[in-house]
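Asker: Here is a sequence together with a model predicted from it:
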Amino acid sequence: MASSMLGTPSCSARMEAMRLLPDGPAARVARFATLHRVLRAVMLFLLLVSGSAFAAAAPALTIDPGTHTAAIRQLAVDPEEQLLVTASDDKTARVWEIATGRLLHTFHVPVGPDNVGRLYAAAISPQGRLALAGSTAAAGGIHRIYFYDLHSMAFVKSINARGGDIKRLQWSPDGKLLAAAFAGTSGFRIFDDEGLLVHEERLPADAWSVALSHTGLLALPVSDGTVRLYGIAGQVRLLATMRASLPDPRGVQFSPDGNLLAVGYQSRTSPQQVQVDVFDVMTQALARSFVFDDIEQGNLRNVAWQRDGSALFAGGSGYRGRRDFIVKRVSWPEGVVSEAHAAGNSITDLLPLTDNRVLFSTVEPGWGVLKDARPVIAAGPKAAQFYEAGLLTLSDDARTVAWRFAPGEPRFSFSVAERDMQAGERGATRTARTTASRLPVQDWENSYDVTVANRPVALAPTEISRAVAVLPNETAAVLATSRTLRRIQADGKEAWRIPLATEARAVNVSADGRLLVVAMADGTLRWRRTRDGALLLSLFAVRDGRWVLWNEDGYFDAAPGAEELIGWTINGPDGEQAEFSPLGRFGQKYRRPELIDRTLAAQ
């Protein structure tokens with residue numbers, strides 16, 4: 001299965017960026033990174049053209065629009081607060097210049113199918129050592145934390161993380177210790193700056209976050225309804241266990257003076273209310289609760305103190321109205337509340353800066369800056385987001401597709417036969433049937449409780465139904481979720497189930513029922529065979545009109561200038577590093593329009 005990832009800009013674009021950058025940390029980063037990438041690309045080219053790279057490791061076709069294509073999970077800032085690192089579900093981490101929002105570098109880690117290679121966590125030490133982690137990214141099930149030198153962008157080493165699904169990384173203020181919170185293996189570990197294990201502890205439930213204070217304390221929220229406080233000066237030791245107000249504390253952060261601890265939660269206080277707590281660290285007593293009854297759905301699980309301690313920010317999956325996700329700002333200690341309409345999807349992280357601005361990241365994916373309660377998006381998505389399942393329409397033969405890049409925007413269409421993207425639908429007016437008399441479907445849209453053929457679909461605990469399409473003959477329905485694509489027969493039994501690297505947001509079927517098209521959260525449209533779900537063809541298009549169309553063998557066709565939107569990621573034989581190179585560098589070998597035409601014609 002193709003992995004949804006990002007890559008690096010073209011060589012010419014990198015050289016132009018170098019000329020434009022002033023001297024300083026960002027400029028030095030760009031120069032080091034450019035030289036390093038050019039040397040790696042030369043070696044990768046020799047491997048690819050010789051064929052030996054394919055024998056050593058199966059390459060993953062990846063996309064690269066110059067921004068993330070899946071949710072950003074954690075933010076990290078360098079000591080000078082000029083560079084921002086974003087870790088993403090798209091299996092990359094990116095380095096940005098905060099002042100301009102420009103992309104400076106992309107880190108690629110070893111990848112695999114499904115979640116393998118996703119990056120959930122990033123942290124930068126005062127010495128400029130970047131740590132990245134997430135799900136496992138190596139053959140044999142070895143879970144790794146990757147270390148890089150942020151000054152040169154060079155890989156330093158990887159260490160055995162001793163468990164998977166690291167949800168958060170945090171360096172101690174002196175940069176000598178690295179704390180990791182684990183979900184899935186339910187624990188936390190502390191490593192030194194060379195990667196040696198200092199402390200290891202199994203927990204009764206998952207830990208999704210971790211915070212360290214300048215006073216030598218570590219706060220760990222655990223999904224058993226507790227927040228644990230540890231001392232990390234010298235020997236790591238448990239000092240106190242605080243009982244949280246709700247059973248699933250998620251986000252924690254110490255106030256700048258270390259005397260207070262803010263806590264955000266995954267669940268709601270009640271169907272009408274969302275809660276954020278502040279605890280006194282010395283007494284472990286609840287100092288203040290803030291309960292909001294104006295957030296319609298979701299939570300405020302991520303918290304951050306303004307750097308001068310005069311305000312507390314909270315954001316998460318909480319929204320008011322369609323695509324209106326809120327960040328609350330509470331002045332401290334007065335408790336005066338204001339808010340920012342920050343994004344069109346969930347807020348995934350909040351990170352304060354010394355000038356009292358607060359960085360935030362989103363599922364969209366994007367990142368931006370809050371000053372008081374005024375948000376400015378610095379880097380947003382370039383590809384379609386497909387939030388409206390019903391707006392993916394097809395021609396009868398599914399060779400023409402139509403969509404919107406974002407809600408409320410004009411519709412665009414792409415024709416496989418004509419190889420172009422245009423405004424308007426061009427005959428792609430076929431909508432998905434979402435139910436039928438012979439095959440009833442209920443509660444399918446953004447639901448955990450979907451039923452097909454009057455039977456509940458057994459979804460995973462975090463899986464949510466997004467879209468459905470009933471076949472024309474009503475013998476089956478294709479269900480698209482945040483984690484899988486499934487064909488469910490009229491008797492309610494699954495004919496096939498396919499795990500997905502990113503969530504599916506819309507699905508539609510050709511008039512003859514032989515082809516289906518799935519719109520993915522990474523901005524791609526995927527043609528699959530209805531009979532068995534086999535992936536046939538993929539399209540990635542961006543707002544400026546560029547598009548690239550490819551099959552699973554890596555053969556492609558593309559609009560002028562679009563060759564850089566797709567490339568190969570190849571895992572190194574040691575499982576520690578990966579190389580990426582845009583497919584356009586091998587255009588003479590892989591640009592085969594006639595093979596693209598045959599892919600759908602043969603079905």
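Answerer: Yep, that arrived. Every value quoted in this text rests on a predicted model; they were computed, and no experiment measured them.
Asker: From here on, just use CA atoms for contacts and neighbour counts.
Answerer: Will do.
Asker: pretty sure Gly321 is touching Gly298, no?
Answerer: No. Using C-alpha atoms under 8 Å, Gly321 makes no contact with Gly298, being 11.5 Å away.
Asker: Compare the two (neighbour count), which wins?
Answerer: Legend: neighbour count by other C-alpha atoms under 10 Å for Gly321 and Gly298, higher for Gly298 (20 against 10).
Asker: quick one, what contacts that one?
Answerer: By C-alpha atoms under 8 Å, 6 or more residues apart in numbering, Gly298 lies in contact with Ser267, Arg268, Gly316, Ser317, Gly318, Tyr319.
Asker: again with Ala99
Answerer: Ala99 neighbours (C-alpha under 8 Å, 6+ apart): Gln82.
Asker: and it, backbone torsions?
Answerer: Here is the backbone geometry of Ala99 (degrees, to the nearest 10): phi -60, psi -30.
Asker: From Thr92, how far off is it?
Answerer: 22 Å (C-alpha to C-alpha, to the nearest Å).
Asker: Likewise for Ile72?
Answerer: 10 Å.
Asker: likewise Pro407?
Answerer: Plainly put, Pro407 is 27 Å away from Thr92 if you go by C-alpha to C-alpha.
Asker: and if you look at Glu552?
Answerer: 21 Å.
Asker: Among these two, which residue is more densely surrounded?
Answerer: Thr92 (27 against 15).
Asker: Below-threshold pLDDT in the stretch 1-150 of the chain: ranges please.
Answerer: Within the stretch 1-150 of the chain, the ranges that satisfy pLDDT under 70 run 1-58, 137-140.
Asker: can you rerun that using 80?
Answerer: By pLDDT under 80, the low-scoring segments of the stretch 1-150 of the chain are 1-61, 113-114, 136-141.
Asker: Show the end-to-end separation of stretch 510-518, please.
Answerer: 12 Å.
Asker: What residues of it count as buried?
Answerer: Ser510, Ala511, Gly513, Arg514, Leu515, Leu516, Val517, Val518 (16 or more other C-alpha atoms under 10 Å).
Asker: Check stretch 553-562 too.
Answerer: For stretch 553-562, by 16+ other C-alpha under 10 Å, it's Gly554, Tyr555, Phe556, Asp557, Ala558, Ala562.
Asker: ok, those residues vs Asp78, which is closest?
Answerer: Ala562 (32.6 Å; C-alpha to C-alpha).
Asker: Let me see the contact set for the closest one.
Answerer: For Ala562, the contacting residues are Arg546, Trp547, Val548, by C-alpha under 8 Å, 6+ apart.
Asker: Now for the first one: which residues touch it?
Answerer: If I follow you right, that is Arg546. Neighbours of Arg546 in contact, by C-alpha under 8 Å, 6+ apart: Ala558, Ala559, Pro560, Gly561, Ala562.
Asker: And the residues you listed, which two are furthest apart?
Answerer: Ala558 and Gly561 (7.9 Å).
Asker: those strands in the stretch 451-600 of the chain, which residues are they?
Answerer: Assigned by DSSP state E, counting those that start in this stretch, the stretch 451-600 of the chain shows strands spanning 451-452, 455-456, 465-470, 476-481, 484-489, 494-499, 504-509, 515-520, 524-529, 535-541, 547-551, 556-558, 566-571, 578-582.
Asker: Show the low-confidence segments of the stretch 451-600 of the chain, by residue range.
Answerer: In the stretch 451-600 of the chain, residues with pLDDT under 80: 462, 573-575, 583-588.
Asker: So what's the gap between the helix or strand harbouring Ala340 and the chain middle?
Answerer: Assigned by DSSP states H and E, Ala340 falls within strand 337-343. For strand 337-343, the separation from the chain centroid amounts to 22 Å (computed by C-alpha atoms, centre = their mean, to the nearest Å).
Asker: And that strand, what's buried?
Answerer: Val337, Glu339, Ala340, His341, Ala342, Ala343.
Asker: do stretch 436-454 as well
Answerer: Buried residues in stretch 436-454, defined by neighbour count with 16+ other C-alpha under 10 Å: 436, 439-442, 444-446, 448, 450-453.
Asker: can you pull out the strands in the stretch 51-200 of the chain?
Answerer: 60-63, 72-77, 83-88, 92-97, 102-108, 119-124, 129-134, 144-149, 154-160, 166-171, 177-182, 187-192, 197-202.
Asker: Straight-line length of stretch 420-438, end to end?
Answerer: 38 Å.
Asker: Let me see the mean pLDDT of it.
Answerer: Regarding stretch 420-438, the rounded mean pLDDT is 94.
Asker: now swap in stretch 224-234 and tell me
Answerer: 94.
Asker: any idea how far that stretch is from the chain center?
Answerer: 28 Å.
Asker: show me what contacts Leu549?
Answerer: Residues near Leu549 by C-alpha under 8 Å, 6+ apart: Leu537, Ser538, Leu539, Phe540, Phe556, Asp557, Ala558, Ile596.
Asker: Quick check: the two most widely separated of those residues?
Answerer: Greatest spacing in the contacts of Leu549, by C-alpha to C-alpha: Phe540 and Ile596 (14.2 Å).
Asker: tell me the helices in this structure, going along the chain?
Answerer: Remark: helices assigned in the chain by DSSP state H are 11-20, 25-50, 52-56, 587-590, 593-601.
Asker: just checking, what packs against the fourth one?
Answerer: With contacts defined as 3 or more C-alpha pairs under 8 Å, 6 or more residues apart in numbering; DSSP states H and E, helix 587-590 has no packing partner among the helices and strands.
Asker: So for that helix, what gets flagged as buried?
Answerer: Buried residues in helix 587-590, counted by 16+ other C-alpha under 10 Å: Tyr590.
Asker: Repeat that for stretch 342-359.
Answerer: For stretch 342-359, the neighbour count (16+ other C-alpha under 10 Å) marks 342-352, 356-359 as buried.
Asker: coming back round to it: would you format the buried residues of stretch 510-518 as JSON lines with distance to Asp257 included?
Answerer: What follows is the buried residues of stretch 510-518, written out as JSON lines (distance: C-alpha to C-alpha, whole Å):
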{"residue": "Ser510", "distance to Asp257": "61"}
{"residue": "Ala511", "distance to Asp257": "64"}
{"residue": "Gly513", "distance to Asp257": "63"}
{"residue": "Arg514", "distance to Asp257": "63"}
{"residue": "Leu515", "distance to Asp257": "60"}
{"residue": "Leu516", "distance to Asp257": "56"}
{"residue": "Val517", "distance to Asp257": "54"}
{"residue": "Val518", "distance to Asp257": "50"}
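Asker: wait, which of those residues is closest to Leu83?
Answerer: When the buried residues of stretch 510-518 are compared against Leu83 (criterion: C-alpha to C-alpha), the nearest one is Val518, at 36.0 Å.
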